[in-house]
Structures are given as C-alpha cells and as structure tokens.
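# Sequence plus predicted model, see below.
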Amino acid sequence: MTSNAECRRASARCKLSYPVRLHIPGEGQWVPATTSDVSSDGFYCTSASPFRPHAELDCEIVIPTDGVSSTPPLSTAHPTRVAQSQLVLRCRVQVVRLVTKGLDPGYGMACRIEHYNVDEQNLSRVAQDSHDRHALETA
C-alpha cells in the first residue's frame, strides 16, 4: 500500500550521503549537514543546527565524481575548497520540514531545491582529470 507521503512525491528518492553546507543569505556562518536521501526536487539532511520551516537558504552540495560514496565534510571557512574529483552544486533551497530527533543529537530537515548551478571552475577540473585518467589508461 502506498502512503500519503509517497503519493505526494513527484520524483524518486535515492539514498545518498553527501556533505552539505547551509547558510541564511547575508547572515552568520555556514552550517555543515549531511544528506540521507536526494531527489531531483530536494533532499533530506541532518544538521547540528536547525533552520525554521519556510526559510530560504544558500546551499552547497558536494557530489563525488570518482565513484566514491562518501566524502569529507566541507570546511566552514572555505566554501569552495573541495577535491578535484568532486562537483559543487550551489543551490537556493527552502526548508519544507524540520524534525527533532528526540534524544538523538541534531535536526532533520527536508529541503526543496528552488534553483541551482554547478561550480563551472570545478567542473572543468573534473573534466580534465577524467581526460588525463583516460589517457593514462590507454597508454
């Protein structure tokens, strides 16, 4: 039987654990978080700090491009410092739901992606790395 939540979802969800950084535009520090599932419309993440429902946030999601399933957390001091085998997806998201985790530390947050772009500079490094690896494999 299909639940109401499953009926409301417009796209499939994938169980993916990616490091994320969240930030209220024009305010404070970036807050690290980790996704537990991702879809084309948004993601669910866990963070030590809560954001209120309906808050609009800047977001950076680090996506590995080398087949590795986990990556180290992003630095809060350097928003774009990532390994060359990763892409950074920069998004504007809206917090849809905030979940307290009872006795467990942290907060769960469902976020809808409003719009995004890919860090083009990092993308070109990934493409060059891929080309260089292919050249080494075929040599």
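Sure, I can see it. No experiment lies behind these values; they were computed from the predicted model shown.
# check contacts around His115.
Going by C-beta atoms under 8 Å, 6 or more residues apart in numbering, His115 touches Cys91, Arg92. Bear in mind the C-beta positions are built from the backbone N, C-alpha and C, glycine included.
# For it, give me the pLDDT.
Note on His115: pLDDT of 93.
# and what of the one 5 residues further on?
What the model reports as pLDDT for Glu120 is 61.
# Check Gly28 too.
Per-residue pLDDT puts Gly28 at 80.
# That one in helix, strand or coil?
Counting by DSSP: H, G, I helix; E, B strand; the rest coil, the backbone at Gly28 sits in coil.
# buried ones in the longest strand anywhere in the chain?
Longest strand in the chain by number of residues (criterion: DSSP state E): strand 86-100. Buried residues in strand 86-100, counted by 16 or more other C-beta atoms under 10 Å: Gln86, Leu87, Val88, Leu89, Arg90, Cys91, Val93, Gln94, Val95, Leu98.
# same thing with stretch 102-119?
Neighbour-count burial for stretch 102-119 flags Gly106, Tyr107, Gly108, Met109, Ala110, Cys111, Ile113, Asp119 (criterion: 16+ other C-beta under 10 Å).
# Pull up the distance across stretch 28-46, start to finish.
Terminal residues of stretch 28-46 lie 19 Å apart, using C-alpha to C-alpha, to the nearest Å.
# Which pLDDT value belongs to Ser124?
49.
# right, and Cys59 touches Cys111 too?
Yes - if you go by C-beta atoms under 8 Å, Cys59 and Cys111 touch, sitting 7.1 Å apart.
# Quickly list what's touching both of these two.
Common neighbours of Cys59 and Cys111 (C-beta under 8 Å, 6+ apart) are Leu22, Val93.
# Let me see the ranges of the helices in the protein.
4-8, 120-138 (DSSP state H).
# Let me know the average pLDDT across stretch 57-65.
Averaging pLDDT along stretch 57-65 gives 90.
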